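A.B. asks: Predicted model follows, preceded by the sequence.
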Amino acid sequence: MKKFGLNLVLGICYFLTASCSNTKQVLLETTEPSPVLLSDQIKRIGIINNNEVSAEIEGETSGINSLLVAQEKWLMEKGKDAAVEGLFDELLKDKRFENVKLLDSVHLEVQNFTDSSIPWSSIAVLCKTHNVDAIFALAFYETDTKISVKKSSMLQPNLMRVKEKVRAQELTMETLIENGWRIYSPKNRQVIDEIVFNDHFVSSGKGANTLAAYQAIGNRKETLIQQSKTSGVNYGQRLLPFERTITREYFIKGSENLVLADKLISQDDWEGARKLWATDVDHEDVKIRGRSCHNLAVFNEREDNLETAFQWASRAYENNQEDDELDYMNALEKRIENQDLLKNQMAQLDFLN
């Protein structure tokens, strides 16, 4: 009975919170410029990777430590190669580049990913030797695996081929993959971009002992290789404009028009809502004026009229003087600044296509 009463109270609180909200959210699909800006002089790409991988294993391994270390080191090598392959495949699709090369057995002595002492002379020689304009590097590839073992049970066929429950060991491997990428431009000795990707996955298996449990783990190899390759693909896609979903809020209460406009939006009639908001921008109540101006800003952003959206957001701020409105103006200003860059990138890609 007490539990029922608590659930009822929580339900009422949720209802009151939802019903008292003055705003609703709308999702907007936007196209953003590439976060990586490459000079149009960079036409030939060389890709290198670090010659060594780092694989750490933590936790109880019950006498199979040497096997695990050997297996993990072999698997990390495969994962590193998959990451480079993913980047290579993605760059081959980019028609801005005349040539993309994998430079095997090349290692840059950059011991720390954040190290500023980059061997630019070596990079320049590397580019000249292989006739490339820039170096894309898998600067490091590391994994950290935590292992836990616990008692469990499993079904196993007996001599009569009837499955029966027997004691077992369950081995769980939780692995974090980290890989750091860099782009070196020797012409102006600039690190054009650097980023670290993190990925995580968990594998487990059961067996009569710890070794058997490890051998029973299913698709751990395939998972690590695929996730590593995806990280390379994702890095290559940082060179392209990308789609993003952003959240905006609009006001649904304060005047009859605001309420009616919300009902029209539920019917996907944004133009009808716009007309209702427009009638309240000169309302005698300053709060209603501010809310109506804000909603018109959201409407125009939804229509990609960013300059007009900024003007309405400015009018809203003049009326309500709220920090949230100022944040919205800053977000719009940033989007407006990115428009010229995005147009140039899209024009270049359209020309190449």
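C.D. replies: Happy to help now that I have it. Computed from a predicted structure; not experimentally measured.
A.B. asks: which SS state does residue 226 fall under?
C.D. replies: Here residue 226 is recorded as helix under DSSP: H, G, I helix; E, B strand; the rest coil.
A.B. asks: need the contact list for the nearest residue to it once chain neighbours are set aside.
C.D. replies: Leaving out its chain neighbours, the residue that sits closest to residue 226 by C-beta to C-beta, 6 or more residues apart in numbering is residue 82, at 7.5 Å. Just so you know, the C-beta spots here come from the backbone N, C-alpha and C atoms, and that holds for glycine as well. Contact criterion C-beta atoms under 8 Å, 6 or more residues apart in numbering gives 225, 226, 228, 229, 232 as the residues in contact with residue 82.
A.B. asks: and what of residue 235?
C.D. replies: Applying C-beta under 8 Å, 6+ apart, the residues contacting residue 235 are 86, 87, 90, 181, 195, 197.
A.B. asks: sorry, back to before: which of the contacts of residue 82 count as buried?
C.D. replies: Using 16 or more other C-beta atoms under 10 Å as the burial test, the contacts of residue 82 include 225, 228, 229, 232 as buried.
A.B. asks: Is it correct that the first one is in contact with residue 76?
C.D. replies: If I follow you right, that is residue 225. No - using C-beta atoms under 8 Å as the test, residue 225 is too far from residue 76 to be in contact (10.4 Å).
A.B. asks: Any idea which helix or strand in the chain has the lowest mean pLDDT?
C.D. replies: Least confident helix or strand, the chain: helix 2-20 with a mean of 40, by mean pLDDT, DSSP states H and E.
A.B. asks: Helix or strand next in line after that one, which one?
C.D. replies: On the C-terminal side of helix 2-20, the closest following helix or strand by DSSP states H and E is strand 23-32.
A.B. asks: for the helix or strand just after that following strand, the distance to its chain's centre please.
C.D. replies: Along the chain past strand 23-32, the next helix or strand (assigned with DSSP H and E) turns out to be strand 44-49. Relative to its chain's centre, strand 44-49 lies at 23 Å (C-alpha atoms, centre = their mean, to the nearest Å).
A.B. asks: before we move on, back to that, out of the buried ones among the contacts of residue 82, which comes closest to residue 306?
C.D. replies: Within the buried ones among the contacts of residue 82, distances to residue 306 taken as C-beta to C-beta reach their minimum at residue 232, with 33.8 Å.
A.B. asks: Please name the residues that touch that closest one.
C.D. replies: Listed by C-beta under 8 Å, 6+ apart, the contact set of residue 232 reads 82, 83, 84, 85, 86, 87, 88, 89, 90, 138.
A.B. asks: ok, back up a step: just the buried ones among the contacts of residue 235, please.
C.D. replies: In the contacts of residue 235, burial by neighbour count holds for 86, 87, 90, 181, 197, counting by 16+ other C-beta under 10 Å.
A.B. asks: Am I right that the third one falls within a strand?
C.D. replies: I take that to be residue 90. No - Residue 90 is assigned helix when assessed by three-state DSSP, not a strand.
A.B. asks: how far does stretch 182-201 stretch from start to finish?
C.D. replies: Its start and end residues considered, stretch 182-201 measures 24 Å (C-alpha to C-alpha, to the nearest Å).
A.B. asks: To clarify, my last question referred to stretch 121-140.
C.D. replies: With C-alpha to C-alpha as the measure, stretch 121-140 spans 20 Å from end to end.
A.B. asks: From residue 264, how far off is residue 152?
C.D. replies: 58 Å (C-beta to C-beta, to the nearest Å).
A.B. asks: Residue 142 and residue 175 touch, don't they?
C.D. replies: No - taking C-beta under 8 Å as the contact criterion, residue 142 and residue 175 are not neighbours in contact, 10.8 Å apart.
A.B. asks: what about the residue nearest to residue 226, which SS state?
C.D. replies: helix.
A.B. asks: Over to residue 146?
C.D. replies: strand.
A.B. asks: rewinding a little: now, which of the contacts of residue 235 lie within helices?
C.D. replies: In helices, judged by DSSP state H, the following of the contacts of residue 235 are found: 86, 87, 90.
A.B. asks: wait, isn't the second one in contact with residue 233?
C.D. replies: If I follow you right, that is residue 87. Yes - counting by C-beta under 8 Å, residue 233 is a contact partner of residue 87 at 7.1 Å.
A.B. asks: confidence score at residue 117?
C.D. replies: The model reports residue 117 with a pLDDT of 69.
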